[in-house]
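> structure, please.
(one chain, ligands or ions: 2)
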Amino acid sequence: MIISDAYLIVTSPGRNFVTLKIVTESGVYGIGDATLNGRELAVVAYLEEHVLPTLIGRDASRIEDIWHFLYRGAYWRRGPVTMSAIAAVDLALWDIKAKAAGMPLYQLLGGKSRERVMTYAHCTGKDIDACLNEVDKHVKLGYRAVRVQTGVPGIPTTYGVTKKAGERYEPADSELPSENVWSTEKYLNHVPKLFAAVREQFGEDLHILHDVHHRLTPIEAARLAKEVEPYHLFWLEDCVPAENQESFRLIRQHSTTPLAVGEVFNSIHDYRELLEAQLIDYVRTPLSHGGGITHVRRIADLASLYHVRTGFHGATDLSPVCLGAAIHFDTWVPNFGIQEHMPHEAIVGTVFSYDYEFVDGHFIVGETPGHGVDIDEQLAKQYPYKRASLPVNRLEDGTLWHW
Ligand SMILES: O=C(O)[C@H](O)[C@@H](O)[C@H](O)[C@H](O)CO
Ligand SMILES: [Mg+2]
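Ligands and ions are numbered 1, 2, ... in the order given. Presented below is the predicted three-dimensional model:
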């Protein structure tokens, strides 16, 4: 199981993905996701210059030791670039170990805790009626959980809302950052009406989720979380920027609305205070940004002590490799909550192959040894990297705000 080669495949079938392939002397190889949206080439440089040369000749079966070599050995710890790079290596090594054992990854992790993995779909619309139409479509497709986002009257564009009805939402929407306008006042007056309308039309059983995308102050978030209590949200996501973990204490004091956080976290240390003080309900760090399976399972274990469940980030910038591995993790992890599902464009499914199934709003894990995802390297070459950036956000007076 000696590593003989390790290289990156950068491809853009509709959007950018960075994929790591680690090959062993026996010919068994593993695939990892190294995509960090809008910062793809930073991870490429980190891996190519500082990580991949150190892997050659190492024993691929020593996942734990390689993880600590890359984490402690870097001296400069944590951060999204470092942790995405480590994650890519870790996912590829778990893929190799599971293939060598002849087992689907979930078996190595400890076997099935459930038969299927509940997902939530994105439903967006320029106004409430357009969003309700999307919810209707997704309920008919079998989804039991929907994330609802709408345009806000008086603001030209809003996070998470597609420009044309039915189009897929792509966060990295232009070569250089586009500029959006934001008004907290207008948003806060509008968004509770959306949840009321969804409950009114679809009843009590549908799970409703919503992403605030880091835009509120703690007291504004507390107001929103308290006001929407009657609509029984599954979760309210990222209602404040989470660098200051104390913020969540204020929100918690005012409301019983469940809180999700962590798509921009990459380490267990980002969560410690939030978990120990029981300030959140769901952890969202995807495997590919949080140091891979080796580290994210530690986050999940710590979370489980506080009755906190997983709800991994699964937007289109997480590649099919990350999603494929996540479905194994979700099938195993005892404290699973939900998995985000934002389907990729069909073209992505020509470059990547996978063996999971989607039935009635749930994923069903495949039985192929490893995580079951592979890449067609020849086809990938036909789609060269294209620079793409996430937008920025300004208040109506021009102040740069959180996007
Ligand atoms: O909850 C989500 O799915 C996210 O907030 C995404 O929409 C992110 O903005 C995007 O993944 C950034 O790269
Ligand atoms: Mg989010």
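> what residues does the stretch 251-400 of the chain have near ligand 1?
Within the stretch 251-400 of the chain, the positions lying close to ligand 1 (C-beta under 6 Å from any ligand atom) are 263, 313, 315, 317, 340, 390. For every residue, glycine as well, the C-beta is placed using N, CA and C.
> could you rerun that using 8 Å?
Residues of the stretch 251-400 of the chain lying close to ligand 1 by C-beta under 8 Å from any ligand atom are 263, 284, 313-318, 340, 342, 390.
> any idea which of those residues is closest to Phe17?
Closest approach between these and Phe17, by C-beta to C-beta: Asp317, at 8.4 Å.
> now do the SS call for that closest one.
coil (DSSP: H, G, I helix; E, B strand; the rest coil).
> skipping adjacent residues, who's closest to it in space?
Asn37 (3.7 Å; C-beta to C-beta, 6 or more residues apart in numbering).
> please apply the same query to Trp182.
Asn393 (4.8 Å).
> was I right to think that neighbour contacts His214?
No - the criterion here is C-beta atoms under 8 Å, and Asn393 misses it with His214 at 9.5 Å.
> hey, what's in contact with both of the two?
402-403 (C-beta atoms under 8 Å, 6 or more residues apart in numbering).
> hmm, back to that, whichever of the residues of the stretch 251-400 of the chain next to ligand 1 end up buried, select them in PyMOL.
A single PyMOL command selects the buried members of those (16 or more other C-beta atoms under 10 Å):
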select buried, resi 263+284+313+314+315+316+317+318+340+342+390
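> thinking again about what came up before, so the residue nearest to Asp317, which state does it fall into?
Relying on three-state DSSP, one would call Asn37 coil.
> got the contact list for it?
Here Asn37 is in contact with 16, 171-172, 315, 317, 388, 390 (criterion: C-beta under 8 Å, 6+ apart).
> now, which of these sits nearest ligand 2?
The nearest member of the contacts of Asn37 to ligand 2, counting by C-beta to the ion, is Ala315 at 7.2 Å.
> so what's that closest one closest to, chain neighbours aside?
Closest to Ala315 by C-beta to C-beta, 6+ apart is Met342, at 5.0 Å.
> surely that neighbour forms part of a helix?
No - judged by three-state DSSP, Met342 forms no part of a helix; its state is coil.
> coming back round to it: any chance of JSON lines for the contacts of Asn37, columns distance to Leu305 and secondary structure?
Listed next are these as JSON lines, based on distance: C-beta to C-beta, whole Å; DSSP: H, G, I helix; E, B strand; the rest coil:
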{"residue": "Asn16", "distance to Leu305": "37", "secondary structure": "coil"}
{"residue": "Pro171", "distance to Leu305": "33", "secondary structure": "coil"}
{"residue": "Ala172", "distance to Leu305": "36", "secondary structure": "coil"}
{"residue": "Ala315", "distance to Leu305": "28", "secondary structure": "coil"}
{"residue": "Asp317", "distance to Leu305": "30", "secondary structure": "coil"}
{"residue": "Ala388", "distance to Leu305": "39", "secondary structure": "coil"}
{"residue": "Leu390", "distance to Leu305": "34", "secondary structure": "coil"}
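> tell me who's in contact with the residue in the stretch 151-300 of the chain positioned nearest to ligand 2.
Closest to ligand 2 within the stretch 151-300 of the chain is Asp211: 4.2 Å, counting by C-beta to the ion. Listed by C-beta under 8 Å, 6+ apart, the contact partners of Asp211 are 147, 149, 159-160, 237-238.
> which of those residues fall within strands?
147, 149, 237 (DSSP state E).
> so the last one is in contact with Arg215, correct?
If I follow you right, that is Glu237. No - applying C-beta under 8 Å, one finds Glu237 not in contact with Arg215, separated by 11.2 Å.
> and the biggest helix by length in the chain, what's buried?
Counting by DSSP state H, the longest helix found in the chain is helix 80-101. Neighbour-count burial for helix 80-101, counted by 16+ other C-beta under 10 Å, picks out 80-100.
> now swap in stretch 379-389 and tell me
Under 16+ other C-beta under 10 Å, the buried positions of stretch 379-389 are 380, 383, 388-389.
> contacting residues around the closest residue to Gly14 other than its chain neighbours?
Of all residues not flanking Gly14 in the chain, Glu345 sits nearest, at 4.3 Å (C-beta to C-beta, 6+ apart). Neighbouring residues of Glu345 by C-beta under 8 Å, 6+ apart: 13-15, 168, 316.
> for Glu179, same thing?
Counting by C-beta under 8 Å, 6+ apart, Glu179 has contacts 391-394.
> which ones among those map onto strands?
392-394.
> ok, now how distant is the residue nearest the centre of the chain from Thr35?
The residue lying closest to the centre of the chain (C-alpha atoms, centre = their mean) is His313, at 1.9 Å. The spacing between His313 and Thr35, counted by C-beta to C-beta, to the nearest Å, is 12 Å.
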